[in-house]
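Engineer: coordinates only, sequence not included:
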DNA sequence: AGTGTAGGCCAACAACTGTTGACATGTCGT
DNA sequence: ACGACATGTCAACAGTTGTTGGCCTACACT
């Protein structure tokens, strides 16, 4: 176990500033200079600690969706609601998700990271829900399409009706959709 | 009626190249120089005809969703399927939609354009479907969230299961969702 | 035929980008 | 107290960006 280094606070400040900038501006417009200014350090420190801009993004975009174990849910009819609720929570308290979405749209490394996050974290959760079903990845992609679509319209594009919709209404509308994608027979 | 100018072919070439670049690269990485190179003209011509980069984007991102009149549909239960099919068509033969999506995520002018397109084109179609209903904008936003979410995962992020899904399967899965958002009672 | 003007090209600008290396400062073990 | 090493600062680099103004060319009208 590596002992705490004196520079850890600087590293952390850089990461936090980077996450904010990537989330607010996307990859290109989030400049190393602006990130360094936010973190109150010299731009060259970013290079020293993270190699280059890609390395910084890789470090800043590490994320754990913290998906719950849906098989442990007493009421199997509520998996859709639970999942929507969980994603709304995650999106609202972790700007990395918005950063990932913004960067993934214009940067191939960001898109790749987005793909692997969903394949490695959402995929297994969906698979465990219907053991032996070969179409689990497809169902996971359908879930992702609705979840990401709502995040896009509500938190990034900010379509007024999507922004104004109360959280409970979002859950009420989206839960049956997600439930359908997860549990319905193939149409 | 203004007579055809000699420069119209150049203007058109610039617009076409701009649409391609914006769709492929987003706003920041679609440089005026690259667009000019594609159109086989000098970068200064872009400025002469469109003022600046923002003006070029405004001109290149004009779009008509060509939404069908859903009230004229004989079978009211098929509005969801018709809409999904229509959007898949539009997305696959008009790169402006991808450009709008890519730019809207990192550029405020792009996001504004996206908002107005959906408010002015999708909004009325949804409103006409349930006359007198006050929640039409909300339903339109829900439809937008699912449509844009699928476009995002399939055409931009390229999640493999979403890319591999045959067109007919996409329609079969998404149609009930859209139908629900358009016609279900408030949950 | 001559001329005004629209169309087009070239070279340059100032600002900004990621990135680098040299140099100063501080901290720690000895 | 001294040297080694981590931490931080400064200035500069080469390249790219949007944008501008001057200049040349070819067409259209009288």
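Structural biologist: Thanks, I have the structure now. Predicted model only: the values in this text are computed from it and were never measured.
Engineer: what about the helices in chain A?
Structural biologist: A:8-29, A:32-39, A:43-50, A:53-60, A:79-93, A:95-106, A:108-117, A:123-129, A:136-151, A:160-164, A:167-183 (DSSP state H).
Engineer: for the first one, which residues meet the burial criterion?
Structural biologist: Right, helix A:8-29. Within helix A:8-29, the residues scored as buried using 16 or more other Cβ atoms under 10 Å in any protein chain shown are A:10-11, A:13-15, A:17-23, A:25-29. For every residue, glycine as well, the C-beta is placed using N, CA and C.
Engineer: likewise the shortest one?
Structural biologist: Buried positions in helix A:160-164, judged by neighbour count with 16+ other Cβ under 10 Å: A:161-162.
Engineer: is chain B contacted by it?
Structural biologist: Yes: using Cβ under 8 Å from any Cβ of the partner chain, we find that helix A:160-164 touches chain B at A:160-162.
Engineer: ok, now the second one?
Structural biologist: No: judged by Cβ under 8 Å from any Cβ, helix A:32-39 and chain B are separated, with a smallest distance of 13.8 Å.
Engineer: to residue B:66, which of the helices of chain A lies closest?
Structural biologist: Across the helices of chain A, residue B:66 has its closest neighbour in helix A:136-151 (21.2 Å, Cβ to Cβ).
Engineer: quick check, that closest one touching chain B?
Structural biologist: Yes: Helix A:136-151 is in contact with chain B by Cβ under 8 Å from any Cβ, via A:137-138, A:140-142, A:144-150.
Engineer: can you redo these as a markdown table with distance to residue B:97?
Structural biologist: Below are these laid out as a markdown table (distance: Cβ to Cβ, whole Å):
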| residue | distance to residue B:97 |
| --- | --- |
| A:137 | 26 |
| A:138 | 23 |
| A:140 | 25 |
| A:141 | 20 |
| A:142 | 20 |
| A:144 | 20 |
| A:145 | 16 |
| A:146 | 19 |
| A:147 | 21 |
| A:148 | 17 |
| A:149 | 14 |
| A:150 | 19 |
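Engineer: and residue A:67, how far is that from residue A:85?
Structural biologist: In this view, residue A:67 and residue A:85 are 12 Å apart by Cβ to Cβ, to the nearest Å.
Engineer: can you list the low-confidence ranges for chain A?
Structural biologist: Regions of chain A meeting the criterion pLDDT under 70 cover residues A:1-4.
Engineer: who in it is up against DNA strand D?
Structural biologist: Those residues of chain A that sit near DNA strand D, judged by Cβ under 7 Å from any atom of the strand, are A:5-7, A:10, A:41-45, A:48.
Engineer: can you flag the buried ones in those?
Structural biologist: Buried among these (16+ other Cβ under 10 Å): A:10, A:41, A:45.
Engineer: wait, which of the residues you listed is closest to residue A:96?
Structural biologist: Using Cβ to Cβ, those come closest to residue A:96 at residue A:10, 19.6 Å.
Engineer: backbone phi and psi for the residue nearest to that closest one when sequence neighbours are not counted, please?
Structural biologist: Nearest residue to residue A:10, sequence neighbours excluded (Cβ to Cβ, 6 or more residues apart in numbering or on different chains): residue A:41, at 6.0 Å. Torsion angles at residue A:41 (phi, psi; degrees, to the nearest 10) stand at phi -140, psi 180.
Engineer: now for residue A:41: which residues touch it?
Structural biologist: A:10, A:13-14 (Cβ atoms under 8 Å, 6 or more residues apart in numbering or on different chains).
Engineer: cool, and residue A:70?
Structural biologist: Neighbouring residues of residue A:70 by Cβ under 8 Å, 6+ apart: A:79, A:82-83, A:125, A:128-129.
Engineer: ok, for it, nearest residue in space, not its chain neighbours?
Structural biologist: For residue A:70, the spatially nearest residue (Cβ to Cβ, 6+ apart) is residue A:79, at 4.9 Å.
Engineer: my read: that neighbour touches residue A:179, true?
Structural biologist: Yes: assessed by Cβ atoms under 8 Å, residue A:79 is found in contact with residue A:179 at 6.4 Å.
Engineer: buried stuff in stretch A:49-57?
Structural biologist: For stretch A:49-57, by 16+ other Cβ under 10 Å, it's A:49-50, A:53, A:56-57.
Engineer: can you tell me if it touches chain B.
Structural biologist: No: figure legend: stretch A:49-57 not in contact with chain B (Cβ under 8 Å from any Cβ); closest approach 13.5 Å.
Engineer: rewinding a little: need the winner for burial among the helices of chain A.
Structural biologist: helix A:136-151 (a mean of 25; mean count of other Cβ atoms under 10 Å in any protein chain shown).
Engineer: ok now that helix, how far from the chain's centre?
Structural biologist: Relative to its chain's centre, helix A:136-151 lies at 12 Å (Cα atoms, centre = their mean, to the nearest Å).
Engineer: that one to helix A:95-106, inter-axis angle?
Structural biologist: 100 degrees (axes from the mean of the first three to the mean of the last three Cα atoms, to 10 degrees).
Engineer: if we can go back for a sec, what is the nearest of the buried ones among the residues of chain A next to DNA strand D to DNA strand D?
Structural biologist: Distances from DNA strand D to these, taken as Cβ to the nearest atom of the strand, are shortest for residue A:10 (3.8 Å).
Engineer: residue A:49 is in contact with that closest one, correct?
Structural biologist: Yes: counting by Cβ under 8 Å, residue A:10 does reach residue A:49; the two are 7.4 Å apart.
Engineer: tell me who's in contact with residue A:63.
Structural biologist: Counting by Cβ under 8 Å, 6+ apart, the residues that residue A:63 touches are A:94, A:96-97, A:100, A:117.
Engineer: do the same with residue A:18
Structural biologist: Contact analysis of residue A:18 by Cβ under 8 Å, 6+ apart lists A:30, A:35, A:39, A:56-57, A:59-60.
Engineer: nice, that's everything, thank you.
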